[in-house]
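Chemist: Here you go, sequence then predicted model.
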Amino acid sequence: MRAALTKEPTRGPVGRIIRRLLKQPSHDPPLLALLFAADRRLHVLSIQKQLSSGYVVVSCRYLLSSFAYQVADGLPSRWVEEINRFAPLPDLTIILDVPPEVAAARKPGFGEEVFEQTAFLRKVRETYLRLAQDPRFNAVVIDARQDITEVQQAIRETVITYLR
């Protein structure tokens, strides 16, 4: 089984714009949402090509990330869903759940991007956990406060169970 690894924002032209904007001290939530949707459109075209070539595609961040971050940023969930309606739902979503304070302690340079504020990330986490209950996303929540080997094992078991 061959795997392709991807992430959002991508390294493409729209993804590069997003990365620059995330370094700015303030942002325009609708603009960022539209840029993420545009970047995702390019990403989806790449994913579809990889899938048709027989790859299993593993992506770090995808559709659920937009819902979690952009709704936490005050945008209406229906609007976020509408601008992303072209994006196919993933077969499996794994949410690595960790409190923002733990994430901050683990990540060098935490706080350099506009979304890396602890209070905001608490809202993002709550949104992710709420969205994980939606069966459309086929989401599995893994407690990422555990030791990395335990988290890796939980991910492996989840994927193996799914692939059976």
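Modeler: Sure, I can see it. Keep in mind it's a predicted model, so treat the numbers as computed, not measured. Residues are numbered from 1 along each chain as shown.

Chemist: What does the pLDDT read for the residue most central in space within the chain?
Modeler: Closest residue to the average C-alpha location of the chain: residue 61 at 2.5 Å, with C-alpha atoms, centre = their mean. On the pLDDT scale, residue 61 is placed at 94.

Chemist: List the contacts of it.
Modeler: Residues near residue 61 by C-beta atoms under 8 Å, 6 or more residues apart in numbering: 7-9. (Each C-beta comes from the backbone N, C-alpha and C, glycine too.)

Chemist: can you do 7 Å?
Modeler: Residues near residue 61 by C-beta atoms under 7 Å, 6 or more residues apart in numbering: 7-8.

Chemist: Same question for residue 139.
Modeler: 93, 95, 132.

Chemist: which helix is the longest one in the protein?
Modeler: If each helix of the chain is counted by residues according to DSSP state H, the longest one is helix 29-52.

Chemist: For it, buried residues please.
Modeler: 32-33, 35-40, 43-44, 47, 50 (16 or more other C-beta atoms under 10 Å).

Chemist: Parallel or antiparallel, list what pairs with the next helix or strand after it.
Modeler: Per DSSP states H and E, the first helix or strand lying C-terminal to helix 29-52 is strand 55-60. Strand 55-60 pairs in its sheet with strand 2-7 (parallel), by DSSP bridges.

Chemist: who's in contact with the strand it pairs with?
Modeler: Contacts for strand 2-7 (C-beta under 7 Å, 6+ apart): 43, 46-47, 50, 54-61.

Chemist: returning to what we had before: kindly list the main-chain dihedrals of the residue nearest to the centre of the chain?
Modeler: Phi and psi for residue 61, reported as degrees, to the nearest 10, are phi 70, psi 140.
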